[in-house]
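A.B. asks: Generate a structure from the sequence data that follows.
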Amino acid sequence: MANALLSIQILPHTPGGESVIPYVDRAIEIIKASGVPYRVAPLETTMEGELNHLLSIVQEMNDAMTVMGCPSVISQIKVYYNPESGASMGRLLEKYPDGQ
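C.D. replies: Numbers count the residues shown, from 1 in each chain. This next block holds a predicted model:
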């Protein structure tokens with residue numbers, strides 16, 4: 001059972017002021033490849049899993065941005081941690097499954 005939800009908004013400082021879209025797409029590819037459940041939203045992406053694993057995904061995302069040439073990255077994260085009862089996007093979204 002997952003014990004955490006982590007939402008991230010990654011803001012890479014792109015070389016030459018390029019669009020951030022390809023960089024954000026790469027960050028989402030990393031999340032997808034990790035195998036954790038996730039949900040992309042307009043301003044952030046939420047992942048579900050073990051807190052340590054989710055934090056390692058954030059590290060991998062930041063590393064990928066620097067490999068792509070970004071001199072710096074801001075990652076704004078929110079964490080919901082519930083080791084006793086677990087954490088679930090589905091449970092928190094029961095009332096609003098379609099976001100409305």
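
A.B. asks: okay, CA-based contacts and neighbour counts for the rest of this
C.D. replies: Will do.

A.B. asks: And the helices in the protein?
C.D. replies: With helices called from DSSP state H, the chain shows them at 21-34, 51-67, 89-92.

A.B. asks: right, so of those helices, which gets closest to Leu6?
C.D. replies: Among those, helix 51-67 comes nearest to Leu6, with 6.9 Å by Cα to Cα.

A.B. asks: and that closest one, what does it pack onto?
C.D. replies: When contacts are defined as 3 or more Cα pairs under 8 Å, 6 or more residues apart in numbering; DSSP states H and E, helix 51-67 packs onto strand 4-13, helix 21-34, strand 72-81.

A.B. asks: Dump the C-alpha coordinates for the one helix or strand in the chain whose mean pLDDT sits lowest into CSV.
C.D. replies: Within the chain, confidence by mean pLDDT, DSSP states H and E is lowest for helix 89-92 among all helices and strands, at a mean of 89. Backbone C-alpha positions of helix 89-92 (Å, rounded to 0.1, in the frame of the first residue of the first chain) are rendered in CSV as follows:
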residue,chain,number,x,y,z
MET,A,89,-5.4,9.4,-5.1
GLY,A,90,-8.6,7.4,-5.7
ARG,A,91,-9.7,7.8,-2.1
LEU,A,92,-9.0,11.5,-2.1
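
A.B. asks: In that helix, which residues are buried?
C.D. replies: Met89 (16 or more other Cα atoms under 10 Å).

A.B. asks: Not counting that helix itself, show me its contacts.
C.D. replies: For helix 89-92, contacts defined as Cα atoms under 8 Å, 6 or more residues apart in numbering pick out 5, 48, 97.

A.B. asks: Can you check the pLDDT for the last one?
C.D. replies: Pro97 is assigned a pLDDT of 82 by the prediction.
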